[in-house]
Structures are given as structure tokens and as C-alpha cells.
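In: Have a look; sequence and predicted model below, questions after that.
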Amino acid sequence: MVKGFLRVLGLIFAGLWRTLNGLRRLVFNLVFLLLIAAVIAFVWQPPRPVPEGAALLVRPTGALVEQTVLDDPIGLLRAGVAPVSQTALHDLLEAVNAARDDARIKALVIETDGLGAASLTKLAELRAAIAAFKAKGKPVLARGDRFTQGQYYLASIADEVHIGPDGFVLLPGLARYVSYFKGALDKLGVTVHVFRVGEYKSFSEPFTRADMSDADREASQDLLAGLWSVIREDVATSRRIEPDKLDGYVDHYDDALAATSGDAVRAAQDAGLVDVASTRDQWRDLLKTRVGASDDGKDFLHVEVDRYLTNLRAHWIPAEDKVAVLVAQGAIVDGTESRSAVGGDSLARLIRAAREDERVKAVVLRIDSPGGSAWASEVIRRELELTRDAGKPVVASMSSVAASGGYWIATGADEIWASPASLTGSIGIFALLPNFAEPLDRLGITIDGVATSPLAGAFDPRRPLEPQAANALQLGIEHGYRRFLETVAKARDMSIAEVETIARGRVWTGESASKLGLVDELGGLDAAVKAAAARARLERYETVWPEAEIGPGQRLLQRLISIAAPHAPDGAESAFGRLLGEVRADAAELLRWNDPRHLYTHCLCEAL
């Protein structure tokens, strides 16, 4: 009797516990869903109308990139590293180009203080779009508390440039200084075996030399001179000053400061680089007068790029025909990668998907890569070739750099477009194998064993490199170089001898490459998209940007972190911090190298 009662009582309590536990889970899930809904409501905002007579506010933050890289948020939290904000170039171009013919937009305002790393090519494309906006008779005003070289190059396109009363315009010119590790490696007893073809293929020199080779010095000097001439002519033209006057400011900045008793703002004004020194509140008051005040009277009437694009896209009627722009940004590596690098397999899948999508009528490959794995480069090039064979036009558009492997994949296109300041070419190939036998021996660590053949274990970095293996690698490098030459010759309708004269690992600007036959046309992304559409005979089309898929949870986390991402403009970081950052970045880049044959086409030119 008692046992039966206890059993019934136990069943009642068990049922009650299951009920309470179920209610607890239900409440927890409801709270979680409400939290997610609140986050989504905070992140996503419905499109608001664009005010009539507003100014488009272009205020880029962080690095200017082809495609934003959303780092793994969990990894960032574990590492204690704050994400750095980025701005996609194509978003700015889309907004400025649309605003050019939008009657609601009466002016364009540029604020550069948040702009960080930005290559000359990307800034030049943005300046060209702003110049077209100006050509419609709409004013452009720009301001920065102070200007680094990249920030000023962008601001100089404006009709009127303002600067903070205590600011400066820093135009140091261009330089390329490389860290050479041979002395340190010799002290450690580390031997680096290098196999290469092309005297200008300088990527391996930091590991085998203590200084810059004559060939690299010659090529680098020519490149820097070509790039600086773009900046010099663009700034002089926009500011309506003589190039020689700009040269005097750049080459004798101390004299310019001495003439104004150290007043950097007045020195910039005397050189014709800026128009007005204004505080932030004076700048806002000026814009209220020139453009008009907002409804509450606290700010000038404007719309920011994100809001403007949201409004445009909400009212856009999709076209049936598409031009797909695929981005190849970063080092080229074998396998699958996210946006932080170009994975041979992952990009090949995107190309294949575009080829098999009946709505996609043409493909533009936007390249911003110094190269990398020769294997992965050929995987990508072959997919582009198959796309052309399927009847879909392919156009390559070079951003800042499309050299070595970046140029290899460009040869898969029907035509190649580049900006005058793009870096391309570097047709060469190399292999680099470190050997740690001596430092291990110093530590008393010896290596011994057996093998079934001379090449078994020949590439073990703990053992000296066998001559037979070294000979095999050099033969492979020479074959890879011939393959590169043949690929370029076939794509560019040139003889191998003609390609050889402009190859040998040398890097060229886009303008030089167009004269040498490596590039078809000079122009930016917009021109390349129009060229692809023309090849496909499209009158009305939509430009789409296919990306590798990521899960919704990861996308939400990344979006939350990106909202609070800080930006780091040029000059904001300490010199010691920059040094450590460069070393860490170089090491991280080497860890990506995973070509199955150890053959690489990389130009060491992305920092130019």
C-alpha cells in the first residue's frame, strides 16, 4: 500500500518536473527569439525615403576593399583582436554613379577622416566616378581634420577642400623598402633553397639576400615613378596648379613649413592644396548654407551611402539577364577559402555556378591578387576557359594588383581591363624550401632513418636537400615557366619569344601593360562590366555579386561585430605596432602557401 502510494507520488512529481522543465525551455526559447528579433530590428532598418535636394555623404571608414572580409567572429573573440572596419569600393561606385543622374541629389560631400588603407587604383576609380558626378554640374565639397596621402588624393577631386585648423597635408611620395632576413637566417643556420626563373622575380630575395638586387631596384624605381606620376598629374589637374609647384611642396616640405613658421595648414594653402581651414561646427554650418538644413535644423540635409543604396535597391526592378561579378581578392591558395584569400576550388565553384545559371549571361572577374599557388591559378583559369567555351563572355577587371598568379587567371578571359595604376605582369615562377638541419644539429637533435628511394623524404626540412631533389625542382620550375609563357602567348595571340621579352618576373603598371599587349583596355570596373554586357549583347541587365555561402548564424554574428568595428586610418598606429603587424602579416601569409607542387607565382608587389 505504502509502496503503491510512493510510486504514484513519484509519478506525479516526475510529471510535474517534466512540465516545469518544458515550461523552462519554452520560456528560454521565447526569450532567445525575442532577443534575436530585437537584434535583427536593430541591425536591419526599413528603407527611408531620400530627401529632395539632399547631398550624398561619402564617408568611407577603414580599408577600401573590393569585397569586405568578415572574419570569423568566434575566432576574433578568442584571440582578443578587434575587427577592422572596411568599405567596399563597388558600393561607393554604385552610389556615386546613381546619384549622378538622381534629381533628388544636388551635391556630394566627402569626409575622409575615417579612411584607412586604400590603394591608388581603388581611389583613382572612385575619383573618376566623382569627376563624372561633377560633370553634371553638381558641386563636390570635401573636408578632413588632416590628410594622409591617400585621403588627400581622394579629397583633391572636390571643388572645395576644407581642413581642420590644426591639420596638415602629408604627401611623402611613394617608397618600397623590404625586410631582408638572410643575415638572421645565417645566424640561425637556416638554409633557404630557392628555385626560380626570371631575374625580376624578386619574391624570394628577402630570404636569400641582405639587400635589394639591381634588377629589383630598377623595376621598383620604374614602378614607383609610374604610380607617382598618376598621383602628381591627377592632383595638379584637380587643383589647377602646376605639377612643379606640387613637386616643390613634396620634395621640400621643410622649406614650405619654414616659410609659414611651422603652420602646416597655411603651407598647404600657399601650395594650392586646400582652400579653407574650418572647424567641424563651421563645416556643418557651411553645408547647411550650401545644401540646406535637416528637418530638425541640427545637421545639413544629406543621405549616407548605406541608406541611399538601401533605398535604391528596395525600388530596383530586377532584370532577367545578369552580369555576375566574381571577386578574386587576396593570395591564391589551393583548396577552399573564405573572402580572406582566393581559394582555387571555392572560386572555381562560383565560376561554375555562374556558368550553369541560365540568368547569368556574362562574367566579370574582378582581380585584386598578387598571385600565389600555380596549381590553384590554373584551376581557376580553366574554369574561366570552360565558361567561354559554353558561350558566356568573360572579362577580367584588374584592381590594385593582378600579377603573377593574378595575371595567370586573367588570361582565361576574352578581354582584360586594367586601370593605369594597376600592377600586373610578373610572369615568372619559383619554389622556396627552408632547411633546418643545422639549427637542429646545434640543439643536439639528429635525424636518421631509411627510405625506399632517393626522393623519399628528400623534401623533409629537417634534412639537407638532396641534389637529385634540387635538380628535379629546378626542372619543374623551368617547365612551369614555359607553361606560363605558353598560356600567355595563346591568350594574347603572341609568340612565346614576344612574351619572354616582357616576362622574366617583371611587374608592369596597367598603362605599360596595355602598350606591351598584356592588357586590352584601360578602365575601371564599370567599364569592364559594360564591356561584358556588350559582348553578351545585353541592353538591360542587372549586375550581381555572387559570394561563397555562409550560415545565417555566422552572418548574424559577423554583422553584430561589424557594427562596432573600429577603423584605423593611416598614421593612427604606432611605428612599433606597424612593424609587429607587418611581421605577423608576412608570417601569416607564408602559412597559407599550400601548393601541392610547391610552385608559386607571386609578385611581392601588393604593398607598392
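Out: Great, that's in hand. Residues are numbered from 1 along each chain as shown.
In: All the strands of the stretch 401-550 of the chain, in order from the start?
Out: Taking DSSP state E, counting those that start in this stretch as the criterion, the stretch 401-550 of the chain carries its strands at 415-418, 423-425, 429-435, 507-509, 521-522, 542-544.
In: where's the first one relative to the chain centroid, distance-wise?
Out: It stands for strand 415-418. How far strand 415-418 lies from its chain's middle: 18 Å, per Cα atoms, centre = their mean, to the nearest Å.
In: Give me the contact list for it.
Out: Residues outside strand 415-418 that contact it (Cβ atoms under 8 Å, 6 or more residues apart in numbering): 395-398, 402, 410, 424, 510, 513-514, 518-524, 527-528, 531, 535. In this view, the C-beta of every residue, glycine as well, is placed from N, C-alpha and C.
In: buried subset of those?
Out: For the contacts of strand 415-418, a burial check counting by 16 or more other Cβ atoms under 10 Å picks out 395-398, 402, 410, 424, 510, 513-514, 518-520, 522-524, 527-528, 531, 535.
In: Now for this structure, the helix or strand with the poorest mean pLDDT.
Out: helix 73-79 (a mean of 46; mean pLDDT, DSSP states H and E).
In: Helices of the stretch 301-450 of the chain, residue ranges please.
Out: Under the criterion DSSP state H, counting those that start in this stretch, the stretch 301-450 of the chain contains helices at 305-314, 344-356, 374-389, 405-410, 437-442.
In: which stretch in those helices has the least confidence?
Out: Among the helices of the stretch 301-450 of the chain, helix 437-442 has the lowest mean pLDDT, at a mean of 84.
In: Apart from its chain neighbours, what residue comes closest to A410?
Out: Leaving out its chain neighbours, the residue that sits closest to A410 by Cβ to Cβ, 6 or more residues apart in numbering is A396, at 4.0 Å.
In: any weak-confidence spans in this protein?
Out: Judged by pLDDT under 70, the chain has its weakly predicted residues at 1-47, 70-84, 198-201, 338-340, 548-608.
In: can you list the domains in it?
Out: Domain assignment for the chain by automatic domain parsing gives 1-44, 54-175+217-313, 318-557+595-602.
In: winner for burial among those?
Out: Sort the domains of the chain by mean neighbour count, taking mean count of other Cβ atoms under 10 Å, and domain 318-557+595-602 sits at the top with a mean of 20.
In: any idea how far F484 is from A341?
Out: As judged by Cβ to Cβ, to the nearest Å, A341 and F484 stand 21 Å apart.
In: For A63, which three-state class applies?
Out: Of the three states, A63 takes strand under DSSP: H, G, I helix; E, B strand; the rest coil.
In: partner residues bridging it?
Out: Following DSSP bridges, A63 is listed with bridge partners Q86.
In: Contact partners for it?
Out: Counting by Cβ under 8 Å, 6+ apart, A63 has contacts 84-87, 116-118.
In: tell me the phi and psi of the nearest residue to T61 once chain neighbours are set aside?
Out: Leaving out its chain neighbours, the residue that sits closest to T61 by Cβ to Cβ, 6+ apart is G114, at 3.8 Å. With angles defined as degrees, to the nearest 10, G114 sits at phi -90, psi -10.
In: ok so, going back, what residues are up against the residue nearest to A410?
Out: Going by Cβ under 8 Å, 6+ apart, A396 touches 364-365, 367, 402, 409-410, 412-413, 415-417, 528.
In: Closest one of those to L57?
Out: A528 (27.3 Å; Cβ to Cβ).
In: Check whether D113 really touches T148, as I assumed.
Out: No - look at D113 against T148 with Cβ atoms under 8 Å: they stay out of range, at 10.0 Å.
In: what secondary structure does the closest residue to G53 other than its chain neighbours sit in?
Out: Computed as Cβ to Cβ, 6+ apart, the closest residue to G53 that is not its neighbour in sequence is K106, at 5.1 Å. Under three-state DSSP, K106 falls in the strand class.
In: What separation do you get for the residue most central in space within the chain and S85?
Out: Centroid-nearest residue in the chain, with Cα atoms, centre = their mean: V65, separated by 4.0 Å. Going from V65 to S85 by Cβ to Cβ gives 10 Å.
In: quick one: the strands in the stretch 151-300 of the chain?
Out: Using DSSP E, counting those that start in this stretch, strands in the stretch 151-300 of the chain cover 160-163, 191-197, 276-277.
In: Packing partners of the first one?
Out: In this structure, strand 160-163 makes packing contacts with strand 140-144, strand 276-277, judged by 3 or more Cβ pairs under 8 Å, 6 or more residues apart in numbering; DSSP states H and E.
In: Any chance of JSON lines for these, columns distance to V235?
Out: Converted to JSON lines, the helices and strands packed on strand 160-163 look like this (distance: least, Cβ to Cβ, whole Å):
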{"stretch": "strand 140-144", "distance to V235": "13"}
{"stretch": "strand 276-277", "distance to V235": "18"}
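In: L227: which of those is closest?
Out: Nearest of the helices and strands packed on strand 160-163 to L227, taken as Cβ to Cβ: strand 140-144 at 22.0 Å.
In: In a markdown table, list the contacts of A63 along with distance to A55.
Out: As requested, the contacts of A63 are exported to a markdown table (distance: Cβ to Cβ, whole Å):
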| residue | distance to A55 |
| --- | --- |
| V84 | 28 |
| S85 | 22 |
| Q86 | 24 |
| T87 | 18 |
| G116 | 23 |
| A117 | 26 |
| A118 | 22 |
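In: Can you tell me which of these lies closest to L386?
Out: For the contacts of A63, the nearest to L386 is Q86 (32.0 Å; Cβ to Cβ).
In: quick one, what contacts that closest one?
Out: Q86 touches 61-65, 68-69, counting by Cβ under 8 Å, 6+ apart.
In: Ok, G449 next?
Out: With contact taken as Cβ under 8 Å, 6+ apart, G449 is in contact with G457.
In: Please repeat the previous calculation with a cut-off of 6 Å.
Out: Neighbouring residues of G449 by Cβ atoms under 6 Å, 6 or more residues apart in numbering: there are none.
In: And it, how close does it get to A158?
Out: Distance from G449 to A158, by Cβ to Cβ: 68 Å.
In: How about G425?
Out: G425 is 34 Å from A158, where distance means Cβ to Cβ.
In: same thing with K138?
Out: For K138 relative to A158 (Cβ to Cβ), the value is 12 Å.
In: May I have stretch 260-267 as PDB, with CA atoms only?
Out: Output of stretch 260-267 as PDB, limited to C-alpha atoms (Å, rounded to 0.1, in the frame of the first residue of the first chain):
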ATOM      1  CA  THR A 260      54.900  79.700 -42.600                       C
ATOM      2  CA  SER A 261      56.800  79.400 -39.200                       C
ATOM      3  CA  GLY A 262      55.600  75.800 -38.900                       C
ATOM      4  CA  ASP A 263      51.900  76.400 -39.800                       C
ATOM      5  CA  ALA A 264      51.100  73.300 -41.800                       C
ATOM      6  CA  VAL A 265      47.700  74.400 -42.800                       C
ATOM      7  CA  ARG A 266      48.900  77.700 -44.200                       C
ATOM      8  CA  ALA A 267      51.700  75.900 -46.100                       C
END
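In: residues making contact with that stretch?
Out: By Cβ under 6 Å, 6+ apart, the residues outside stretch 260-267 that reach it are 163, 167-168, 256-257, 277.
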